[in-house]
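*Asks:* Fold the stuff below for me.
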Amino acid sequence: MANAQEAALHYPLADELPAPGKTLEVAPGVRWLRMPLPFALDHINLWLLRDEIDGVAGWTVVDCGVATDTTRALWDQIFADELQGLPMLRVIVTHMHPDHLGLAHWLCERWSTPERECRLWISATDWNAGRLGSRRGGFDGDGAARFYALHGLVDTAALAQVRARSDYYPSLVPQVPARFRRLMDGMMLRIGGRSWQCIAGYGHAPEHIALHCQELHTLISGDMVLPRISTNVSVFYLEPEGDPLPLYLRSIAALRALPAGTLVLPSHGKPFTGLHTRIAQLQAHHEERLAEVMAACSEAPQSAAELLPVMFRRKLDLHQTTFAMGEAIAHLHALADDGQLVGVTGTDGVRRFHAPG
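*Replies:* Take a look at the predicted model:
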């Protein structure tokens, strides 16, 4: 195990992983596959669920991977070797981030026929966000660069790279299906004769949907609960005063209502049991980060960029830096909205936070 927190969890499949283009059964009718990602976080877990819709036997997939030729080629291998000659019936996407939504349009188009449409199922909020992001300049570019500069990122090279990323999201999510089926909190889906409950979560994405099957004692957690890394909780320039951290903490606290022995199928890392333990670890992690931020701001006013060495004790690439900036701002906003910090934009155009008084 990489650390003591991981060792506190149990991994039923130990170190076994699905080979590229192959699947592993993790629960009756539930198969695990992995797709590569072009980031430091180098993979995403996807899930194939045996299904039947309107008398047609086939599969439901949960999440898609990014839109790259490599991912498409691996999917083609899955289609040939792992579907038992059956079609894909629907595509469920937990949320709008590129590694989850990227190939939804391609999959839906690939498996739709004149007789039956392979539909995207997703929350309305994330469908709309994905549609916005898939347009050039929808998320990144000048607006994001100005936002990071306001919060103290002064590295001109990094800001130039952020400005140049106006087509970053569309490069990974080139198109989102024009029609979808809306997922909502509490909704029950019948998949393969079993009931799966939708559980909405907030703070990581606009309206993330996890899926819980009581019969299988299984939770497809998406990104809300990951076994090894903490879920990114960020403020972005489109919602510059956002306060996502309390939303995230309330969302994972609500998952304590599920049985402690639930099998968790995360989007990154390995399937595990120990849900309540992991929730406690994540809560403690954010409590520690909040305490570190509060201590630093009590000594001297701090921008989000000035807090990066406090919160992240490793070298960050640009992709990681943008996530780290968003997370630092999220912790600052949580403390400010709770009245523990005050934010002021200085004459240098940088917003810093300090303890009141």
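*Asks:* pLDDT at residue 190, what is it?
*Replies:* What the model reports as pLDDT for residue 190 is 98.
*Asks:* One more: residue 2?
*Replies:* 55.
*Asks:* Stretch 12-30 - what's its average pLDDT?
*Replies:* Mean predicted lDDT for stretch 12-30 stands at 97.
*Asks:* just how off-centre is it within its chain?
*Replies:* Relative to its chain's centre, stretch 12-30 lies at 21 Å (C-alpha atoms, centre = their mean, to the nearest Å).
*Asks:* Would you mind listing the outside residues contacting that stretch?
*Replies:* With contact meaning C-beta atoms under 8 Å, 6 or more residues apart in numbering, stretch 12-30 is reached by 31-34, 36, 47-50, 74, 77-78, 81-82, 192, 194, 213, 216, 218, 263, 265, 270-273. Backbone N, C-alpha and C define where each C-beta goes, glycine included.
*Asks:* For residue 40, see how far away the residue lying closest to residue 190 once chain neighbours are set aside is.
*Replies:* Spatially, and ignoring its direct neighbours in sequence, residue 190 is nearest to residue 196 (7.8 Å; C-beta to C-beta, 6 or more residues apart in numbering). Between residue 196 and residue 40 the computed distance is 31 Å (C-beta to C-beta, to the nearest Å).
*Asks:* Tell me which of those two has more neighbours.
*Replies:* residue 196 (25 against 10; other C-beta atoms under 10 Å).
*Asks:* What is the three-state secondary structure of that one?
*Replies:* What DSSP: H, G, I helix; E, B strand; the rest coil gives for residue 196 is strand.
*Asks:* Correct me if wrong: it contacts residue 189.
*Replies:* Yes: using C-beta atoms under 8 Å, residue 196 makes contact with residue 189 at a distance of 4.6 Å.
*Asks:* shared neighbours, those two?
*Replies:* Here residue 196 and residue 189 have residue 211 as joint contacts, going by C-beta under 8 Å, 6+ apart.
*Asks:* which residue is nearest the centroid of this structure?
*Replies:* residue 223 (4.1 Å; C-alpha atoms, centre = their mean).
*Asks:* which residues does that residue contact?
*Replies:* 94, 95, 97, 100, 204, 205, 208, 231, 232, 266, 267, 268.
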